[in-house]
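Undergrad: what follows is a predicted protein model with its sequence.
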Amino acid sequence: MVLDDNESPYRAIAVLARNYCATLNTAVDQTAIDLLPVEASLLDLYVAATRLPQVTTIPAYNRKTANPKHVPVSQQEWQALYSQLGDRLPFNEYRDSFDPLSATDREFTYSSLADDLADIWRDMAKGLRRLDSGVPAGVVWWEWRFSFYTHWGAHAAGALRAVYHFRRSEQ
């Protein structure tokens, strides 16, 4: 797909990324995090990402020569959010499997909800900062779609599943 007038799925994910980041930034100001708004904003973001069409042509852009005036997401910012989430979430660690479709992989791993949420925040905040600094939107949209299938989508799916089971156990 070449980005042209059919940009609404991409514009929608930018709005939802802002909402997700704002939701987490607000959540860590609470003594205990209410999972409902976090779950809702993450689910909206996840659904929007699944609807992104494949981008086959992106605007010409060279990171080395473009030198956009954006502020990257630092490890310190991520660490601060991760720590605050870990301190305030009603649970953090959960069991997961690395590949749930594998018939031979029967081992479980332990995952961190704080890590999942903070990693997604970092991927979204990075893209938003790049958009705000003038990086071509097509470049950011391509990165968001690519990183959904290679990184943050798995974090989102794991987090949503864990939150679902937590909320179910509270009923």
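TA: Sure, I can see it. Because the structure is a prediction, the values reported are computed rather than measured.

Undergrad: does residue 95 touch residue 110 like I think?
TA: Yes. Using C-beta atoms under 8 Å, residue 95 is in contact with residue 110, at 6.2 Å. To be clear about C-beta, it is placed using only N, CA and C from the backbone, and glycine gets the same treatment.

Undergrad: distance check, residue 81 against residue 129.
TA: Residue 81 sits 15 Å away from residue 129, going by C-beta to C-beta, to the nearest Å.

Undergrad: between the two, which one's more packed in?
TA: Neighbours were counted for residue 81 and for residue 129 using other C-beta atoms under 10 Å; residue 81 has more, 23 against 16.

Undergrad: just checking, the more buried one touches residue 26?
TA: No. Residue 81 is not in contact with residue 26 according to C-beta under 8 Å; the separation is 11.9 Å.

Undergrad: element containing residue 138, please.
TA: Here residue 138, judged by DSSP states H and E, is contained in helix 137-147.

Undergrad: would you mark the buried spots in that helix?
TA: 137-145, 147 (16 or more other C-beta atoms under 10 Å).

Undergrad: contact partners of stretch 160-171?
TA: Outside stretch 160-171, the residues within contact range by C-beta atoms under 8 Å, 6 or more residues apart in numbering are 35, 38-39, 42-43, 46, 90-91, 94, 96, 111, 113, 116.

Undergrad: filter those to the buried ones?
TA: By 16+ other C-beta under 10 Å, the contacts of stretch 160-171 give 35, 38-39, 42-43, 46, 94, 96, 111, 113, 116 as buried.

Undergrad: need the pLDDT of the residue nearest the centre of the chain.
TA: Nearest to the geometric centre of the chain sits residue 120, at 2.6 Å (C-alpha atoms, centre = their mean). With respect to pLDDT, residue 120 has a value of 98.

Undergrad: again, but for residue 105
TA: 71.

Undergrad: what's the neighbour count on it?
TA: For residue 105, the neighbour count with other C-beta under 10 Å is 12.

Undergrad: same thing with the one 4 residues further on?
TA: Burial measure for residue 109: 11 neighbouring residues, criterion other C-beta under 10 Å.
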